[in-house]
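Undergrad: quick one: sequence and predicted model below, then my questions.
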There are 2 protein chains.
Amino acid sequence: MIITEQNILEFDKIYRAAFVNSLAGLKSANLIGTISSEGKTNLAIFSSVIHVGANPPLMGLLMRPVSVERHTYANIKETGYFTINHINKEIYKKAHQSSARYEKDISEFDECKLTPQFIEAVKAPYVEESKIKIGLKFVEEQEIKSNGTIFMIGEIIEIILPDDIFIADGYIDLEKAGTIAISGLDGYHETKRIARLSYAKPGVEPKEFIK
Amino acid sequence: MIITEQNILEFDKIYRAAFVNSLAGLKSANLIGTISSEGKTNLAIFSSVIHVGANPPLMGLLMRPVSVERHTYANIKETGYFTINHINKEIYKKAHQSSARYEKDISEFDECKLTPQFIEAVKAPYVEESKIKIGLKFVEEQEIKSNGTIFMIGEIIEIILPDDIFIADGYIDLEKAGTIAISGLDGYHETKRIARLSYAKPGVEPKEFIK
């Protein structure tokens, strides 16, 4: 089946959003924790977190120009900090609930029954129930001119993670931490590792290894 | 365990890359197909594809400033087109092999034994063995000042996908297409959907539904 851009533009708005969001494949599932300058915490689910660089350690996420996520944006600009918290199977329904349109004076931590956790170096709340938590300092934003979305970049200040999921070569076993994935706007997925593959070199077939 | 930025900066380079790449969670697994103005095809694996917008339909991906991916960048700038091809379990080893450092005059399609497929509207090769293929026109790039990476944005021109994986509300069943996910630099994962969840509204608990 071939679907053209014209077909997409003629789709109903909700249908189109579900469809185009699905095209991005399996997506990273995270809760972004922030706090306003008045001390009000905020929590928002994002499926657009990506790796930006390892040295310095940077991560980015795309913000829509509108909707609930503006609270996240405003807080990051006010305080200069945010947290990225991996969503696991135990909290995925609560995480999903954070996408409801709450007013700015309501904390999604309360509404979603998740626990804010503060650790000294980062002025933003972590999600206690998350197993892999990353604290970041805002460093840069780039506006996407085509639609007004904003690519926000943070430098990693600290990471909190369980002792037993760290592998000898730096790789983190996300399945041990229960980290899940998102599809489309509302699909949640467990994963099962097929394999890790050896570093690719021209003319050498990659080997499977599990450690 | 708490790992600080200072710890990360003291890690060995390869260890650090594996670690920081793991922090982004489960990632979208795609092959980017391009062609040079001289007609040489190129294929590169990316784990940084994200949804940018639905109207107009936009997708983005982050390019490193160095290494093999420059061929992809140069080709996109030359021709104005690229394709995003979901990686499935049948081709994940071949997809991984595309990350080896081949010279510009060598096509990863040949080296990885994947088949270039051209469809009229988009001047870039699709991967025939992929089930979900997206053809895009380059529209914008934003340089991340912090490390010189480039966020490239394309407008979706056409999508090729099997007839039977399209769901009534626009959602695409990625598992039916065999689409897999990536962790870190070299982990490949199948997924199993836990559920889809109903649209979140304040004060209403999300309901699971599968369709």
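TA: Cool, got the structure.

Undergrad: tell me which element the closest residue to residue A:23 other than its chain neighbours is part of?
TA: For residue A:23, ignoring the flanking residues on the chain, the nearest one in space by CB to CB, 6 or more residues apart in numbering or on different chains is residue B:134 at 5.8 Å. Where C-beta positions appear, they are placed from N, C-alpha and C, glycine not excepted. Using DSSP states H and E, residue B:134 sits within strand B:133-143.

Undergrad: quick one: strands adjacent to the following helix or strand past that strand?
TA: Once strand B:133-143 ends, the next helix or strand along the chain (criterion: DSSP H and E) is strand B:150-160. Applying DSSP bridges, strand B:150-160 is found paired with strand A:2-4 (antiparallel), strand B:57-63 (antiparallel), strand B:133-143 (antiparallel).

Undergrad: need the strands for chain A, in chain order.
TA: Applying DSSP state E to chain A gives strands spanning A:2-4, A:27-28, A:30-35, A:41-46, A:50-54, A:57-63, A:81-86, A:116-117, A:126-127, A:133-143, A:150-160, A:181-183, A:187-197, A:208-209.

Undergrad: each with direction, which strands does the third one pair with?
TA: For strand A:30-35, the paired strands and their directions (DSSP bridges) are strand A:41-46 (antiparallel), strand A:81-86 (antiparallel).

Undergrad: for the record, mean pLDDT for that strand?
TA: Mean per-residue pLDDT for strand A:30-35: 98.

Undergrad: check the fourth one too.
TA: In this model, strand A:41-46 has an average pLDDT of 96.

Undergrad: ditto for the first one
TA: Averaged over strand A:2-4, pLDDT sits at 96.

Undergrad: residue contacts, residue A:71?
TA: If you count contacts by CB atoms under 8 Å, 6 or more residues apart in numbering or on different chains, residue A:71 has them with A:34, A:36, A:42, A:44, A:104.

Undergrad: which residues touch the residue nearest the centre of chain A?
TA: By CA atoms, centre = their mean, the mean C-alpha position of chain A lies nearest to residue A:30, the distance being 3.3 Å. By CB under 8 Å, 6+ apart, the residues touching residue A:30 are A:45, A:46, A:47, A:49, A:61, A:84, A:85, A:86, A:87, B:25.

Undergrad: right, and the second one touches residue A:33 too?
TA: Yep, that's residue A:46 we're talking about. No: Residue A:46 lies out of contact with residue A:33 (CB atoms under 8 Å); the separation is 10.9 Å.

Undergrad: who has more neighbours out of those two?
TA: Using other CB atoms under 10 Å in any protein chain shown as the criterion, residue A:46 and residue A:33 rank with residue A:33 on top: 30 against 24.

Undergrad: so the more buried one touches residue A:83, yeah?
TA: Yes: here residue A:33 lies in contact with residue A:83, judged by CB under 8 Å, at a distance of 4.0 Å.

Undergrad: residues shared between the contacts of these two?
TA: Residues touching both residue A:33 and residue A:83 by CB under 8 Å, 6+ apart: A:124, A:125, A:126, A:127.

Undergrad: and which of those is nearest residue A:149?
TA: Nearest to residue A:149 out of those is residue A:124 (CB to CB; 21.4 Å).

Undergrad: the nearest residue to the closest one once chain neighbours are set aside: neighbour count?
TA: Nearest residue to residue A:124 in three dimensions, chain neighbours excluded: residue A:81, at 4.2 Å (CB to CB, 6+ apart). As a burial measure, residue A:81 scores 21 neighbours (other CB under 10 Å).

Undergrad: contacting residues for residue A:81?
TA: Residue A:81 is in contact with A:34, A:35, A:122, A:123, A:124, A:135, A:136, A:137, A:138, A:157, counting by CB under 8 Å, 6+ apart.

Undergrad: how about the residues you listed in CSV, adding distance to residue B:180 and neighbour count?
TA: Converted to CSV, these look like this (distance: CB to CB, whole Å; neighbours: other CB atoms under 10 Å in any protein chain shown):
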residue, distance to residue B:180, neighbour count
A:34, 32, 25
A:35, 37, 22
A:122, 33, 24
A:123, 37, 18
A:124, 32, 27
A:135, 30, 29
A:136, 28, 28
A:137, 33, 18
A:138, 32, 19
A:157, 32, 20
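
Undergrad: just those residues now: which is nearest residue A:74?
TA: Comparing the contacts of residue A:81 against residue A:74 with CB to CB places residue A:34 closest, at 8.4 Å.

Undergrad: if I look at that closest one, how far off is chain B?
TA: Between residue A:34 and chain B the distance is 18 Å, computed by CB to the nearest CB, to the nearest Å.

Undergrad: verify the contact between that residue and residue A:46 for me.
TA: No: counting by CB under 8 Å, residue A:34 stays clear of residue A:46, with 11.5 Å between them.

Undergrad: what do the two both touch?
TA: If you check residue A:34 and residue A:46 against CB under 8 Å, 6+ apart, no residue is contacted by both.

Undergrad: could you list the low-pLDDT ranges of chain A?
TA: For chain A, applying pLDDT under 70 flags the ranges A:66-69, A:211.

Undergrad: give me that answer again for 80
TA: Counting by pLDDT under 80, chain A has low-confidence residues at A:66-69, A:210-211.

Undergrad: could you give the angle of the strand holding residue B:134 to strand B:50-54?
TA: For strand B:133-143 against strand B:50-54, the angle by axes from the mean of the first three to the mean of the last three CA atoms, to 10 degrees is 100 degrees.

Undergrad: hmm, who's touching strand B:133-143?
TA: A:23, A:142-146, A:151, B:58-59, B:76-77, B:80-86, B:117, B:119, B:121-122, B:124, B:126-127, B:149-161.

Undergrad: write the PyMOL selection for whichever of these are buried.
TA: The PyMOL command for the buried members of the contacts of strand B:133-143 (criterion: 16 or more other CB atoms under 10 Å in any protein chain shown) is given here:
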select buried, (chain A and resi 23+142+144+146+151) or (chain B and resi 58+59+76+81+82+83+84+85+86+117+122+124+126+127+149+151+152+153+154+155+156+157+158+159+160+161)
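
Undergrad: any idea how far residue B:52 is from the closest residue to residue A:135 other than its chain neighbours?
TA: Excluding the flanking residues, the one nearest residue A:135 by CB to CB, 6+ apart is residue A:122, at 3.3 Å. Note on residue A:122: its distance to residue B:52, by CB to CB, to the nearest Å, is 28 Å.

Undergrad: what about the residue nearest to the centre of chain A, distance to residue B:141?
TA: In terms of CB to CB, residue A:30 sits 25 Å off from residue B:141.
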